[in-house]
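1. need a 3D model of the sequence below.
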Amino acid sequence: MALSVEENELITHVGPGTPCGEMMRRYWHPIGLSAELKNRPIRRRLLGEDLVIFRDDQGRVGLLALRCAHRGTSLEFGHIEDGGLRCCYHGWLYDIDGKILQTPGEPAESTFKDRVRQKAHKAQELAGIVFAYIGPDPAPLLPRWDVLVREDGVRSLAARLIHCNFLQTVENSVDQHHFKWLHRTPKTRLWSDERLTSEVTEFGIRDTFTRTVTEGTFMTVSHYLFPNMNKVGYHLNEDHPAAFAATHEGYEALRWRVPVDDTNTMHFTLYFAPVIDGKVSARVPKDQSTQGLGDSTPGKYRWDDETGWIARGDQDRCAQESQGSIFDRSGEHLGKSDEGVIMLRRMYKECIDAVQRGEDPVGIIRDPMKNKILAPVPGEFQVS
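-> From the prediction side, this is the model:
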């Protein structure tokens, strides 16, 4: 299903008031890492809105509109003190709910501060990630995916910016045919009989990728979780006959591709490996949470001289950014192998329609009994 220009704009534009933007505002999104929140606020942009995150002197996380309600100075330069965030310009003090605690310079008897409020949004921390909800009330529950809440393993985190529209990054998750070509190494086998089967689930799409080598036919399963997550956990090392460079060495990964605006995306990754008999069961990538949200330069991608190819960590970014800031999908030529991409686009349109009818889109959870632990299980196995 190649998209028309109008359909492409429908799904790729995420600012306030846009159909896709209003749909995306029905979900919780990662906006930062807990380790970033030290003694100063952090500026972030989410779905086209400029925001500031901070941890107050009582340890609570706040998420406010960026510009001070007084005269518009950016609160990213504010002071964390006296139970809130104080604007650097005239000292107005806000708590995490946007209530004005102090308006220095106003008469003591003034009720001015009780009649003005800074726009505030909901924020929660889970597994070292700060999640934001900037949609209408009532907010849904923050989904408790297994790797976020399990207590029997170790985690690590990483986050960086990608300079293109979010749809280019999420389509990658349901397009597993790119593995053999984009993520190949000198050891990569040329598989035959590649098949990708995509199925609709309660939370999104389950992709089953089958390929055949001399040693047999192997299958890997991954989950696309609406609106912008991918859960993977392949257990093949590089020497496995059906492996590819994107294969994970025993750990699970949950990835979010979060729209900053129409042309930039935050990419958050959580890695998890269980501890078995006192030992970590997989080689988990080094934690990068203290580095915060890393940036990158479009058009500049690391090269691996050993493989003679784009370095592993930049392969997907290179492919996605080279499509342009917002790819014009009206000129595509899609085939059978694009089944997952076609299904994903259809689901985005259905979710947009659902919100416009006043309904919840796919994957929204409101019942606490259904949110104790969510565990779509990715993996691999030999089928013949």
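2. quick one: residues contacting residue 77.
-> With contacts defined as Cβ atoms under 8 Å, 6 or more residues apart in numbering, the neighbours of residue 77 are 41, 88. Just so you know, the C-beta spots here come from the backbone N, C-alpha and C atoms, and that holds for glycine as well.
3. and it, how far from residue 70?
-> 14 Å (Cβ to Cβ, to the nearest Å).
4. and for residue 59?
-> 26 Å.
5. neighbour count: these two, which is higher?
-> residue 70 (16 against 7; other Cβ atoms under 10 Å).
6. which non-adjacent residue is nearest that one?
-> residue 92 (5.0 Å; Cβ to Cβ, 6 or more residues apart in numbering).
7. repeat for residue 26
-> According to Cβ to Cβ, 6+ apart, the nearest residue to residue 26 is residue 135 (5.1 Å).
8. wait, doesn't the one you found sit right on residue 25?
-> Yes - under the criterion of Cβ atoms under 8 Å, residue 135 makes contact with residue 25 at 3.4 Å.
9. tell me the SS of residue 64?
-> Secondary structure, DSSP: H, G, I helix; E, B strand; the rest coil: residue 64 is strand.
10. phi, psi for residue 129 please.
-> phi -110, psi 140 (degrees, to the nearest 10).
11. could you measure it against residue 315, distance?
-> 24 Å.
12. pLDDT score for the residue nearest to residue 26?
-> As predicted, residue 135 sits at a pLDDT of 98.
13. count the neighbours of it for me.
-> 21.
14. contact partners for it?
-> 22, 25-27.
15. average pLDDT across stretch 296-307?
-> pLDDT averaged over stretch 296-307 gives 88.
16. ends of that stretch, how far apart?
-> The straight-line separation of the ends of stretch 296-307 (Cα to Cα, to the nearest Å) is 22 Å.
17. which of the residues in it are classified as buried?
-> For stretch 296-307, burial by neighbour count (16 or more other Cβ atoms under 10 Å) applies to 296, 301.
18. residues touching it, excluding its own?
-> 160-164, 185-186, 309-315, 317-318, 321.
19. next, residue 274: phi, psi?
-> phi -70, psi 150.
20. count of residues packed around residue 295?
-> Neighbour tally, residue 295, other Cβ under 10 Å: 10.
21. hmm, it is touching residue 159, no?
-> No - using Cβ under 8 Å, residue 295 makes no contact with residue 159, being 10.4 Å away.
22. now the strands for the stretch 1-150 of the chain?
-> Applying DSSP state E, counting those that start in this stretch to the stretch 1-150 of the chain gives strands spanning 29-33, 42-46, 49-55, 61-65, 79-81, 84-86, 93-94, 100-102, 120-126, 129-133.
23. out of these, which comes closest to residue 342?
-> Comparing the strands of the stretch 1-150 of the chain by their distance to residue 342 (Cβ to Cβ), the top pick is strand 29-33, with 24.8 Å.
24. what's in contact with the closest one?
-> With Cβ under 8 Å, 6+ apart as the criterion, strand 29-33 contacts 42, 44, 46-47, 51, 53, 63, 123, 128-133, 157, 159, 228, 256, 258, 266, 268, 289, 292-293.
25. low-confidence ranges in the stretch 251-384 of the chain?
-> Within the stretch 251-384 of the chain, the stretches with pLDDT under 70 are 377-384.
26. most centrally placed residue in this protein?
-> For the chain, residue 256 is the residue whose C-alpha lies nearest the centre (Cα atoms, centre = their mean; 2.0 Å).
27. quick check: it vs residue 33, distance?
-> In terms of Cβ to Cβ, residue 256 sits 12 Å off from residue 33.
28. overlap in contacts of those two?
-> By Cβ under 8 Å, 6+ apart, the residues touching both residue 256 and residue 33 are residue 268.
29. that older thread, residue contacts, the residue nearest to the centre of the chain?
-> Applying Cβ under 8 Å, 6+ apart, the residues near residue 256 are 29-30, 228-229, 266-269.
30. picking that back up, OK, contacts around the residue nearest to residue 70?
-> Contacts of residue 92 by Cβ under 8 Å, 6+ apart are 68-70, 86, 100, 102-104.
31. can you check residue 158 too?
-> Residue 158 touches 268-269, 271, 285, 287-289, 294, counting by Cβ under 8 Å, 6+ apart.
32. can you rerun that using 6 Å?
-> 269, 288 (Cβ atoms under 6 Å, 6 or more residues apart in numbering).
33. just the pLDDT for it.
-> 97.
34. and what of the one 5 residues further on?
-> In this prediction, residue 163 carries a pLDDT score of 97.
35. then residue 65?
-> At residue 65, pLDDT is 98.
36. swap in residue 188?
-> Value for residue 188, per-residue pLDDT: 66.
37. could you do residue 127 as well?
-> 98.
38. so which of the strands of the stretch 1-150 of the chain is nearest residue 152?
-> Among those, strand 120-126 sits nearest to residue 152 (Cβ to Cβ), with 16.5 Å.
39. same for that closest one, what does it pack against?
-> strand 61-65, strand 129-133 (3 or more Cβ pairs under 6 Å, 6 or more residues apart in numbering; DSSP states H and E).
40. each with direction, which strands does that strand pair with?
-> strand 61-65 (antiparallel), strand 129-133 (antiparallel) (DSSP bridges).
41. gap between the last one and the chain center?
-> With Cα atoms, centre = their mean, to the nearest Å as the basis, the distance from the averaged C-alpha position of strand 129-133 to the chain average is 10 Å.
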